[in-house]
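Asks: Below is the sequence, then the predicted model.
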Amino acid sequence: MTPVEALGHGDAGAAIALWHATGLTRPWNVPETDFARAVDGATSAVLGIRDGDALVATAMVGHDGHRGWVYYLAVDPARQRQGLGAALMRAAEAWIVAAGGVKLQLMVRAGNDGVLDFYRALGYDDQGVTVLGRRLDPPLGPGGGQA
């Protein structure tokens with residue numbers, strides 16, 4: 001097992017395959033674009049863990065100068081419950097702190113209750129906020145799509 005590392009463009013295919021395998025992708029978000037934006041961004045990265053040549057876990061991180069965010073936390077389904085997700089979250093926290101952030105936030109989709117226990121065990125709790133959003137890219141039909 002390799003330590004957590006920042007991924008590059010050459011890792012896009014493996015990362016996106018992992019995101020698909022773990023049910024993280026949505027039709028209104030293009031994962032190739034999300035990956036490229038994070039890797040190219042000055043305030044973002046995609047972190048990963050490998051087992052040999054295989055990418056087995058990822059987390060996308062970014063910050064706005066105050067708060068950090070985590071997206072696409074994915075662990076190969078065959079490797080879940082082995083500490084890889086927790087290791088990536090600790091690495092994401094360290095990345096945010098190194099970037100000057102003082103708080104890390106993440107969003108859990110409604111209905112994904114099983115993952116809430118994972119985050120709670122790591123010390124995350126409901127922040128009592130409602131997340132609002134609006135698509136700024138071309139609408140995808142009635143309602144304009146989702147985030």
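Replies: Yep, that arrived.
Asks: and residue 135, how many neighbours?
Replies: As a burial measure, residue 135 scores 13 neighbours (other Cβ atoms under 10 Å). The way it works is simple: take the backbone N, C-alpha and C, and place the C-beta from them, glycine included.
Asks: Which helix or strand contains residue 60?
Replies: If you go by DSSP states H and E, residue 60 is part of strand 54-63.
Asks: Would you give the sheet partners of that strand, along with the direction of each?
Replies: According to DSSP bridges, strand 54-63 forms sheet pairs with strand 44-51 (antiparallel), strand 67-75 (antiparallel).
Asks: Output it as PDB, nothing but the C-alphas.
Replies: Listed in PDB are the C-alpha atoms of strand 54-63, where the atom choice follows Å, rounded to 0.1, in the frame of the first residue of the first chain:
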ATOM      1  CA  ALA A  54      -4.100  -0.200  -8.800                       C
ATOM      2  CA  LEU A  55      -5.700   3.000  -7.500                       C
ATOM      3  CA  VAL A  56      -7.900   1.900  -4.700                       C
ATOM      4  CA  ALA A  57      -9.100   5.100  -3.000                       C
ATOM      5  CA  THR A  58      -9.500   8.800  -3.900                       C
ATOM      6  CA  ALA A  59     -10.600  12.100  -2.300                       C
ATOM      7  CA  MET A  60     -11.000  15.400  -4.100                       C
ATOM      8  CA  VAL A  61     -10.000  18.400  -1.900                       C
ATOM      9  CA  GLY A  62     -10.300  22.100  -2.300                       C
ATOM     10  CA  HIS A  63     -10.400  25.300  -0.300                       C
END
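Asks: Now that strand: buried residues?
Replies: The neighbour-count check on strand 54-63 (16 or more other Cβ atoms under 10 Å) flags 55, 56, 57, 58, 59, 60, 61, 62, 63 as buried.
Asks: I'd like the distance between residue 78 and residue 51.
Replies: Summarising the geometry, the distance separating residue 78 from residue 51, computed by Cβ to Cβ, to the nearest Å, is 10 Å.
Asks: Pick out whichever of these two has more residues nearby.
Replies: For residue 78 against residue 51, the residue with the higher neighbour count under other Cβ under 10 Å is residue 51, and the figures read 13 against 8.
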